[in-house]
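**Q** Sequence below, structure please.
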Amino acid sequence: MIGNRLRAARQAAGQSQSELATAAGVTRQTIGALEANQYAPTLSVALRLARALGQDVGALFWLAEDEPVIQAELFTPAGGQPATPLRVQVARVGRRTIARPVGAYEPADGLVTDAVEVVAGSAPVRLLVEPALLDRTVLVLGCDPALTTLGRQLTRRHGELRLQAGEVGSLAALTAVARGEAHVAGMHLLDEASGEYNLPFVQRRFAGRDVLVVTAAHWAQGIIVARGNPRGIAGAADLARLDLTIVNREPGSGSRAALDHALYASGVAPETIQGYARLVPSHRAVAEVVAAGLADAGPGIQAAAHALDLGFVPLGYERYDLVIPAEWRETPPVQALLDTLSSATFRAELAALPGYDASQTGTVVFAGPLPPGAAA
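**A** Predicted structure coming up:
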């Protein structure tokens, strides 16, 4: 039996059955029959449909008893040739198929089995899930640990739909979404010039485009320290002490920006702090370094400190927003995300997490076209 994802690919392309039939030179009845899986396409029909949709044939049709292999854009943290076999999560963003590595304890959608086949950032992925699931996925890039909670709630409420979270810093997430590499960016960046969170960065990255910005949460941002705070760290100024060393986040991350803001407000030059240039990629990674005794402190959120039973020195509350380009807003997975975000059940669970304030969760910060200008 031949499996296919023709309907999902057609809908993702925004085409009716008649429009696809015209583009591929077949009848509308043929499209309907194929989508209903009433018969297998001939090779010529399969090729014409793939060309009309801008897809690989293998991404549209496969032997149902086999694990389908699709071609995907592979995004690895360090770039270059990855070590294989590589477990990846996979989602479709418009006509693009995006694959990102997953952690050891996270479920994988597919495998990249041979590094030699990774060419110019593209790789064949042997799928471990139903191909149609890729079209029912909202891909969110950001650093909020609660995205996992949001994903579980989304699937409970919307059955066949799901959320995938890729852990990256705020500016990297925003840039990737602006390039069409994900549906949603999560961010918590303070603009020093205006004193406003997130929106100035969105305006620069999405100049002339239509976007939705909605608040996911407010959270306690601060300094993660050892349990009981044995070094007596009271604030950002203490990090300049010669008996302390820190671990830091990468430039463009919200935690790095928050730390820099606190340091400058305290009159401390960042380059005087031991460990300032030692970087890790997430809130949890900061907490793990501190928990292992390899640093005395590092910037992060209270939830990350609590997860590893560490101490926390608050610097203030930040607004964490989700940024959604207009082209994805009406898609079923994104609509499911927005519905779940505003639900009483999710907000109650979010408010129970240490350091989270859900009172503004689901609030629209901005919606509409941004004025044209020089995108950063």
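
**Q** Tell me if I'm right that residue 205 and residue 172 touch.
**A** No. The criterion here is Cβ atoms under 8 Å, and residue 205 misses it with residue 172 at 11.2 Å. For glycine as for every other residue, the C-beta is placed from the backbone atoms N, C-alpha and C.

**Q** Please work out how many residues are found near the nearest residue to residue 265 once chain neighbours are set aside.
**A** Among residues not flanking residue 265 along the chain, residue 236 sits closest, at 7.4 Å (Cβ to Cβ, 6 or more residues apart in numbering). Residues lying near residue 236 (other Cβ atoms under 10 Å) number 26.

**Q** tally of neighbours for residue 359?
**A** 10.

**Q** quick one: secondary structure of it?
**A** coil (DSSP: H, G, I helix; E, B strand; the rest coil).

**Q** what separates it from residue 319, distance-wise?
**A** Residue 359 is 11 Å from residue 319, where distance means Cβ to Cβ, to the nearest Å.

**Q** what's the overlap in contacts for the two?
**A** Common neighbours of residue 359 and residue 319 (criterion: Cβ atoms under 8 Å, 6 or more residues apart in numbering): residue 218.

**Q** Just the C-alphas of the one helix or strand residue 89 maps to, formatted as CSV.
**A** Using DSSP states H and E, residue 89 sits within strand 86-93. The C-alpha coordinates for strand 86-93 follow below in CSV (Å, rounded to 0.1, in the frame of the first residue of the first chain):
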residue,chain,number,x,y,z
LEU,A,86,21.8,11.7,14.9
ARG,A,87,18.3,11.9,16.5
VAL,A,88,16.3,14.8,15.3
GLN,A,89,12.9,16.4,15.7
VAL,A,90,11.2,17.4,12.4
ALA,A,91,8.6,19.9,11.5
ARG,A,92,7.3,21.6,8.4
VAL,A,93,7.4,25.4,8.2
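
**Q** Neighbouring strands - and their directions - for the strand or helix carrying residue 322?
**A** Assessed by DSSP H and E, residue 322 sits inside strand 311-325. According to DSSP bridges, strand 311-325 forms sheet pairs with strand 184-187 (antiparallel), strand 210-225 (antiparallel).

**Q** residues of the helix or strand harbouring residue 126 that come out buried?
**A** Residue 126 is part of strand 122-127, with elements assigned from DSSP H and E. The neighbour-count check on strand 122-127 (16 or more other Cβ atoms under 10 Å) flags 123-125, 127 as buried.

**Q** Take those residues and lay them out in JSON lines including pLDDT and distance to residue 340.
**A** As requested, the buried residues of strand 122-127 are arranged in JSON lines below (pLDDT from 0 to 100; distance: Cβ to Cβ, whole Å):
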{"residue": "123", "pLDDT": "90", "distance to residue 340": "31"}
{"residue": "124", "pLDDT": "91", "distance to residue 340": "33"}
{"residue": "125", "pLDDT": "93", "distance to residue 340": "27"}
{"residue": "127", "pLDDT": "92", "distance to residue 340": "26"}
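
**Q** Columns distance to residue 291 on top of those, output as CSV?
**A** Shown next, in CSV, are those (distance: Cβ to Cβ, whole Å):
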residue, distance to residue 291
123, 35
124, 39
125, 34
127, 36
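
**Q** which among the residues you listed gets closest to residue 201?
**A** residue 123 (31.0 Å; Cβ to Cβ).

**Q** still on that earlier bit, farthest pair in the buried residues of strand 122-127?
**A** 123 and 127, at 12.5 Å, using Cβ to Cβ across the buried residues of strand 122-127.

**Q** Spit out the contact partners of residue 310.
**A** Counted by Cβ under 8 Å, 6+ apart, residue 310 has contacts 224-227, 287, 290-291.

**Q** which secondary structure elements does the strand holding residue 89 contact?
**A** strand 69-74, strand 96-101, strand 110-112, strand 122-127, strand 137-142, strand 162-167 (3 or more Cβ pairs under 8 Å, 6 or more residues apart in numbering; DSSP states H and E).
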